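*Asks:* requesting a structural model of the entry that follows:
(one chain, ligands or ions: 3)
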Amino acid sequence: MTLLESVHGPVDVKRMEQGELEQLATEIRSFLVEKVARSGGHLGPNLGIVELTLALHRVFDSPSDALLYDVGHQCYVHKMLTGRSGGFDLLKQTGGVSGYPSRAESEHDFIENSHASTALSYADGMAKAFQLAGSRRHVVAVVGDGALTGGMCWEALNNIAADQTRPVVIVVNDNGRSYSPTIGGFADHLASLRLQPGYERALESGKRTLQRTPVVGPAVYAALHAAKRGIKDALAPQAMFEDLGLKYLGPVDGHDLVALEAALKRAKAFNGPVIVHAVTRKGNGYAPAENDPADQMHQTGAIDPVTGKPLGPKATSWTSIFSEELIRAGAERKDVVAITAAMLGPTGLDKFAKAYPDRCFDVGIAEQHAVTSAAGMAMAGLHPVVAIYSTFLNRAFDQVLMDVALHRQPVTLVLDRAGITGSDGPSHNGMWDLSILGIVPGMRVAAPRDAVTLREEFRESLAIEDGPSALRFSKGAVIEHVPALERVGTVDVLSKPAASTGSDVLLVAVGAFGELGVAAAQRLDDQGIGVTVVDPRWVLPVPHELVEMAADHRLVVTVEDSGRHGGFGSALAAALRDGGVDVPMRDLAVPQQFLEHGSRSEVLAQVGLTAQDVARRVTEWVAGRIGQPTPADADVAAEERKHG
Ligand SMILES: Cc1ncc(C[n+]2csc(CCOP(=O)(O)OP(=O)(O)O)c2C)c(N)n1
Ligand SMILES: CC(=O)[C@@H](O)[C@H](O)COP(=O)(O)O
Ligand SMILES: [Mg+2]
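*Replies:* Ligands and ions are numbered 1, 2, ... in the order given. Predicted structure coming up:
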């Protein structure tokens, strides 16, 4: 049996000797490479936090002491030390462990949300609750240097520093990177601390020498200490934290178990707000990750464990199509600039940044700042393109509403990973963007169905100069073209029934579901049900042509890869009512639920969003029950009542 196999909980790690711990760390790294190479996942971040997680579980008593992980993508080692190694054969897959902490999986897990910069706020809240309960439980928040660029962290620090009696341990896991090197003045500050360790060691050895030679005695030692203070103020500005009321310990070598345990024990004994600054290396111990020029294997798909090379062909992605079109647009228009929230590569801005370095801005994990600074750029004559994942737009809703739309500023939001993403669990599904953008006055939203319409609609969004626009597209591979028979206004007609069948049903397929809609129509045609499939292209505001088309049909069905409440179906239903078009309508969308991790196709099948499901549902409705709720409808409504 390996040491890792002997670990069923933190107690097994607490009783290990130093040599065993070194061996265990080696086994953990091999395990991570083996499992993540097969399933994909956050290999780099987890290889970088092996020793730190071991030390945390040896010094603190989880779950009585709460170990909180910001974002949570670096929790694999925590899961292995809390008895879940067996779940890694299906990491991030149905039936396996999730890629983030999961309260359903373990009492050792607290924060599931995968959205950055929240851990310190949880820590502040939990510490206040423990204090009110008269408990001395510790709260430990592990926060990355990237997450620290998020504004919520500073709101929390302001509160944590306000009370010296609450034992909040903030472990800064500083590897100098989000995906790419972490940007900003604070990141530079951390770097200045990282570069100081020699100063601490020099002073420590100086102190030891002086203490050993009584001749010079305490007077000189005190002088040296005063010098340290002077040097500290001048050279090692960790005084910033202490001036904020936060004790600072570090920088500590984040791969030195002994040093980490010593620092964490000091922090635990401090019993007040304290920062432990651990310096780690993303991908530590696995050369293909350590040397990965892109992002030190922040997030990989399946790879060859020996070479680290991706397995399987790299399909053309929605992101790559956007990336190429942005560069073309950037060459034609000098006012086009791009903004990312610490995800230059994942959102496809890296090539634009290389071509136009002074027109691409990485603002850190700061979506709110990204959007409002874009409003500022627009007010000053630019046309900013803010590229973020759909789920992270949630962070910047008020900025879109009040800073961009209220001022009618020409900002284009490019929302990647819109719709079900699946493997990153409920908090990563891009299912809320249409619901929140739908209530923003003056907002126009396009949902391309393929590469051709992505290029087209992106250009159309750049041409909008009197207000905000947004483009939403899925994760993963994109098909080049789903051809249209004709275009009516902005609406593309993708398929029509045979003349003899007539057209009973208008099927409005949103975005990537264009192809799915055509496939469903073919199934229905085989049953003699005539379906016209259309792609609105611009989904908000609802094209008036759709209202006119609806009036010529017996049933209207919408299908969309977005949340049902406030989605496109809701908007079209309102437009039909406003237009006095009284045609039965059904909307097929993602139920308003937090959907457990699984592949995108598995989750879509679970919620009834496949071509087969659409055909089946339409058949039920058309088969004489138009206008009456079907059993399936009742199921959906009951599910939503249950889940809210
Ligand atoms: C609000 C938000 N925006 C973007 C992301 C995407 N994201 C996931 S991890 C990560 C980088 C985190 O960097 P850091 O906190 O330093 O952790 P590390 O990966 O270096 O351990 C980003 C940007 C996110 N999870 N949440
Ligand atoms: C943790 C995080 O927010 C991202 O790293 C997330 O894993 C996105 O993964 P994809 O880029 O594969 O969608
Ligand atoms: Mg980092």
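
*Asks:* flag every residue of the stretch 1-150 of the chain that's near ligand 2.
*Replies:* The stretch 1-150 of the chain has residues 71, 73, 114 near ligand 2, with proximity defined as Cβ under 6 Å from any ligand atom. Bear in mind the C-beta positions are built from the backbone N, C-alpha and C, glycine included.

*Asks:* and with 5 Å instead?
*Replies:* When proximity is defined by Cβ under 5 Å from any ligand atom, the stretch 1-150 of the chain lies next to ligand 2 at residue 73.

*Asks:* in the stretch 1-150 of the chain, what residue is nearest ligand 3?
*Replies:* Residue nearest to ligand 3 within the stretch 1-150 of the chain (Cβ to the ion): residue 144, separated by 3.8 Å.

*Asks:* contacting residues for that residue?
*Replies:* For residue 144, the contact set (Cβ atoms under 8 Å, 6 or more residues apart in numbering) comprises 45, 70, 71, 74, 116, 172, 173, 174, 175, 178.

*Asks:* hang on, isn't the second one packed against residue 119?
*Replies:* So the one you mean is residue 70. Yes - contact criterion Cβ atoms under 8 Å: residue 70 and residue 119 qualify, at 3.6 Å.

*Asks:* gap between the residue nearest to residue 521 when sequence neighbours are not counted and ligand 2?
*Replies:* With Cβ to Cβ, 6 or more residues apart in numbering as the measure, residue 531 is the residue that lies nearest to residue 521, at 4.1 Å, once sequence neighbours are left out. Taking Cβ to the nearest ligand atom, to the nearest Å as the measure, residue 531 falls 33 Å from ligand 2.

*Asks:* more neighbours: residue 70 and residue 119, which one.
*Replies:* Set side by side, residue 70 and residue 119 show more neighbours around residue 70, with 33 against 29, by other Cβ atoms under 10 Å.

*Asks:* helices of the stretch 51-200 of the chain, start to end?
*Replies:* According to DSSP state H, counting those that start in this stretch, the stretch 51-200 of the chain carries its helices in the segments 76-81, 119-132, 151-160, 185-194, 197-212.

*Asks:* quick check, residue 605 in a helix?
*Replies:* Yes - the assignment for residue 605 by DSSP: H, G, I helix; E, B strand; the rest coil puts it in a helix.

*Asks:* return the residues of the stretch 151-300 of the chain in contact with ligand 2.
*Replies:* If contact is defined as Cβ under 5 Å from any ligand atom, the residues of the stretch 151-300 of the chain in contact with ligand 2 are residue 299.

*Asks:* in the stretch 151-300 of the chain, mark out all the strands, start to finish.
*Replies:* 168-174, 247-253, 274-279 (DSSP state E, counting those that start in this stretch).

*Asks:* indicate which one of those strands is closest to residue 423.
*Replies:* Of all the strands of the stretch 151-300 of the chain, it is strand 168-174 that lies closest to residue 423, at 23.3 Å by Cβ to Cβ.

*Asks:* same for that closest one, what does it pack against?
*Replies:* Using 3 or more Cβ pairs under 8 Å, 6 or more residues apart in numbering; DSSP states H and E, the elements in contact with strand 168-174 are helix 50-59, helix 119-132, strand 139-144, helix 151-160, helix 185-194, helix 257-270, strand 274-279.

*Asks:* figure out which of these is closest to ligand 1.
*Replies:* strand 139-144 (2.2 Å; Cβ to the nearest ligand atom).

*Asks:* okay, the angle between that closest one and strand 168-174?
*Replies:* Orientation check (axes from the mean of the first three to the mean of the last three Cα atoms, to 10 degrees): strand 139-144 against strand 168-174 gives 20 degrees.

*Asks:* on that earlier part again, out of the helices and strands packed on strand 168-174, which is the most enclosed?
*Replies:* Of all these, strand 139-144 has the most neighbours on average by mean count of other Cβ atoms under 10 Å, namely a mean of 28.

*Asks:* that strand pairs with which strands?
*Replies:* In its sheet, strand 139-144 lies beside strand 66-69 (parallel), strand 168-174 (parallel), with partners assigned from DSSP bridges.

*Asks:* can you confirm whether stretch 411-422 lies near ligand 1?
*Replies:* No - under the criterion of Cβ under 5 Å from any ligand atom, ligand 1 is not reached by stretch 411-422; the shortest gap measures 10.2 Å.

*Asks:* just to revisit the earlier point, the helices and strands packed on strand 168-174: lowest mean pLDDT?
*Replies:* When mean pLDDT is averaged over each of those, helix 185-194 scores lowest at a mean of 85.

*Asks:* list the helices and strands it packs on?
*Replies:* Using 3+ Cβ pairs under 8 Å, 6+ apart as the contact criterion, the neighbours of helix 185-194 among helices and strands are strand 168-174, strand 247-253, strand 274-279.

*Asks:* of those strands, which is nearest ligand 3?
*Replies:* Distances from ligand 3 to each of the helices and strands packed on helix 185-194 were compared by Cβ to the ion, and the smallest falls on strand 168-174, at 6.5 Å.

*Asks:* measure how the closest one sits relative to helix 119-132, angle-wise.
*Replies:* 160 degrees.

*Asks:* how many other residues sit next to the closest residue to ligand 3 within the stretch 201-350 of the chain?
*Replies:* At 6.5 Å from ligand 3, residue 282 is the closest residue in the stretch 201-350 of the chain, using Cβ to the ion. As a burial measure, the neighbour count of residue 282 was computed by other Cβ under 10 Å and equals 27.

*Asks:* pretty sure the residue nearest to residue 521 sits against residue 518.
*Replies:* No - assessed by Cβ under 8 Å, residue 531 is found out of contact with residue 518, at 9.4 Å.

*Asks:* just want to know which of the two has more residues nearby.
*Replies:* A side-by-side neighbour count of residue 531 and residue 518, using other Cβ under 10 Å, places residue 531 first with 28 against 20.

*Asks:* list the contacts for the more buried one?
*Replies:* Contacts were defined as Cβ under 8 Å, 6+ apart; by that measure residue 531 touches 495, 497, 503, 504, 505, 506, 507, 520, 521, 524, 525, 618.

*Asks:* spatially nearest residue to the second one (excluding sequence neighbours)?
*Replies:* Yep, that's residue 497 we're talking about. Taking Cβ to Cβ, 6+ apart as the measure, residue 497 lies nearest to residue 530, with 3.2 Å between them; neighbours along the chain are not counted.

*Asks:* next up, the contacts around that neighbour.
*Replies:* Here residue 530 is in contact with 497, 498, 501, 502, 503, 504, 505, 524 (criterion: Cβ under 8 Å, 6+ apart).
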